[in-house]
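Trainee: Predicted model and sequence follow; I will ask about them next.
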Amino acid sequence: MTTVIANNIVTFSPPASTTLAEHVTAIHALGKQTIANVIEIGNRLTECKRIVGHRNFGNWLDREFGWSERTAQNFMRVFELSKIKPANFADLDLPVSAIYLLAAPSTPKKASDEVIKRAEAGENVPFAEVKQTIEDAKELAPAPKGRKRPSRKAKPSPSPQSRQNATVSKKLATYKRRIADLEAERKRLQQSVRKAELERASLCRKIDDLTTLNKALETENAKLKTENDKLKDENSKLKSVAKSATEIAVKVTGGTVKEVASKEAASVSNKFVHQQWNHVVGKGEADDGLPDLPDILRRDKGGTAS
């Protein structure tokens with residue numbers, strides 16, 4: 001580390017320390033929105049002060065964050081306070097600005113303990129009440145030895161009834177806030193219920209449409225089945241008629257089914273060939289000396305023409 005003193009101002013060049021750089025990056029990333037983040041920033045600033053040294057800490061803060069030492073002390077005091085308070089200190093429902101007040105050296109321990117106890121019980125303690133609690137505790141606390149407390153105008157001592165009324169008012173304010181929170185939650189749940197009902201109605205309509213479509217498909221399927229059964233009956237009847245016709249032909253011709261089929265095929269073939277022959281020779285030209293087709297067929301089979 002290089003230290004330069006000029007005009008009673010101490011400046012320094014920090015060492016190339018990876019640990020210090022990591023702390024700077026983490027502090028920049030944390031932010032100050034939650035108590036847990038403030039505690040962690042205080043923890044890291046405490047370690048950074050040990051690394052850079054007390055004399056160099058202020059300049060280092062200004063260069064890295066633009067903070068004063070007082071700002072850094074606020075974080076570091078919150079960190080020190082967290083070490084002597086309950087384990088759930090970082091999760092208390094308290095404003096971050098109120099935590100700085102509780103960690104201040106001038107805050108009486110009694111006031112700090114009272115506020116933290118109320119927060120642990122689930123009470124939402126606003127900043128104004130924290131500040132008032134600390135001021136009340138300071139007035140009741142004895143002055144340090146050798147010092148006189150600054151004179152203030154004497155305040156009339158509140159009566160027991162006034163204190164009770166103030167306590168009741170605070171509780172009423174707390175209950176009102178809780179009621180407001182519950183009312184907001186109730187409205188949110190109502191919106192969720194309405195949304196769920198709309199989605200349910202939409203699903204019911206889709207189910208009805210699918211049911212109607214399914215019934216139509218079932219009706220159409222029943223019609224097709226009926227038509228199919230009719231076609232099967234017609235086919236069966238046709239097969240029966242064909243079988244009966246074949247049996248009658250066999251009885252009439254005296255041959256077998258195969259012979260009847262062969263004769264029928266030959267008859268159809270002869271008719272076709274005869275039609276083609278007449279087409280070639282022309283109508284009426286068979287008497288001009290051209291042989292008749294049946295005579296040719298008989299000669300081919302070894303017969304004689306008549």
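Mentor: Perfect, thanks for sending it. Numbering: from 1, shown residues only.

Trainee: So which elements touch the longest helix belonging to the chain?
Mentor: The longest helix of the chain (DSSP state H) is helix 160-253. On a contact count with 3 or more Cβ pairs under 8 Å, 6 or more residues apart in numbering; DSSP states H and E, helix 160-253 meets helix 257-281. Where you see a C-beta, it was placed from the backbone N, CA and C, and this is true even at glycine.

Trainee: State the mean pLDDT of the longest helix of the chain.
Mentor: Helix 160-253 shows a mean pLDDT of 86.

Trainee: With stretch 65-82 instead?
Mentor: Per-residue scores along stretch 65-82 average to 91.

Trainee: Just the CA atoms from it would do, formatted as CSV, please.
Mentor: Coordinates of each C-alpha in stretch 65-82 appear next as CSV, following Å, rounded to 0.1, in the frame of the first residue of the first chain:
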residue,chain,number,x,y,z
PHE,A,65,-19.1,4.6,-3.0
GLY,A,66,-19.2,8.4,-2.5
TRP,A,67,-20.1,7.8,1.2
SER,A,68,-19.0,9.6,4.3
GLU,A,69,-17.6,7.7,7.3
ARG,A,70,-20.9,8.6,9.2
THR,A,71,-22.9,6.7,6.6
ALA,A,72,-20.6,3.7,6.9
GLN,A,73,-20.8,3.8,10.7
ASN,A,74,-24.6,3.5,10.4
PHE,A,75,-24.2,0.2,8.5
MET,A,76,-21.5,-1.0,10.8
ARG,A,77,-23.5,-0.2,14.0
VAL,A,78,-26.5,-2.2,12.6
PHE,A,79,-24.2,-5.1,12.0
GLU,A,80,-22.9,-4.9,15.6
LEU,A,81,-26.4,-4.6,16.9
SER,A,82,-27.5,-7.7,15.0
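
Trainee: Could you chop the protein up by domain?
Mentor: 2-141, 264-306 (automatic domain parsing).

Trainee: Doesn't residue 125 lie inside a strand?
Mentor: No - read with DSSP: H, G, I helix; E, B strand; the rest coil, residue 125 is coil and lies in no strand.

Trainee: tell me the contacts of it?
Mentor: 93-94, 98, 115, 118-119 (Cβ atoms under 8 Å, 6 or more residues apart in numbering).

Trainee: do residue 42 as well
Mentor: With Cβ under 8 Å, 6+ apart, residue 42 has these contacts: 75-80, 82.

Trainee: Quick check on those: which are buried?
Mentor: Burial of the contacts of residue 42 was assessed by neighbour count (16 or more other Cβ atoms under 10 Å); the buried members are 75-79, 82.

Trainee: between the residues you listed, which is closest to residue 221?
Mentor: Of all the buried ones among the contacts of residue 42, residue 221 sits closest to residue 82, with 74.6 Å by Cβ to Cβ.

Trainee: after the helix or strand harbouring the closest one comes which helix or strand?
Mentor: Using DSSP states H and E, residue 82 maps to helix 69-84. Toward the C-terminus, helix 69-84 is succeeded by helix 96-103 as the next helix or strand (DSSP H and E).

Trainee: Kindly format the C-alpha coordinates of that following helix as PDB.
Mentor: Output in PDB follows, covering the C-alpha atoms of helix 96-103 (Å, rounded to 0.1, in the frame of the first residue of the first chain):
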ATOM      1  CA  VAL A  96     -34.700   0.200   7.700                       C
ATOM      2  CA  SER A  97     -34.500   3.900   8.800                       C
ATOM      3  CA  ALA A  98     -35.800   2.800  12.200                       C
ATOM      4  CA  ILE A  99     -33.000   0.200  12.500                       C
ATOM      5  CA  TYR A 100     -30.400   3.000  12.100                       C
ATOM      6  CA  LEU A 101     -32.000   4.800  15.100                       C
ATOM      7  CA  LEU A 102     -32.000   1.600  17.200                       C
ATOM      8  CA  ALA A 103     -28.300   1.000  16.400                       C
END
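
Trainee: Which strands or helices does the following helix or strand past it pack on?
Mentor: Heading C-terminal from helix 96-103, the first helix or strand you meet, by DSSP H and E, is helix 109-120. Counting contacts by 3+ Cβ pairs under 8 Å, 6+ apart, helix 109-120 packs against helix 96-103, helix 127-140.

Trainee: Kindly compare burial across these and name the winner.
Mentor: Comparing the helices and strands packed on helix 109-120 by mean neighbour count (mean count of other Cβ atoms under 10 Å), helix 96-103 ranks first with a mean of 20.

Trainee: State the mean pLDDT of it.
Mentor: On average, helix 96-103 scores 88.

Trainee: and the angle from that helix to helix 127-140?
Mentor: If you take axes from the mean of the first three to the mean of the last three Cα atoms, to 10 degrees, helix 96-103 sits at 10 degrees to helix 127-140.
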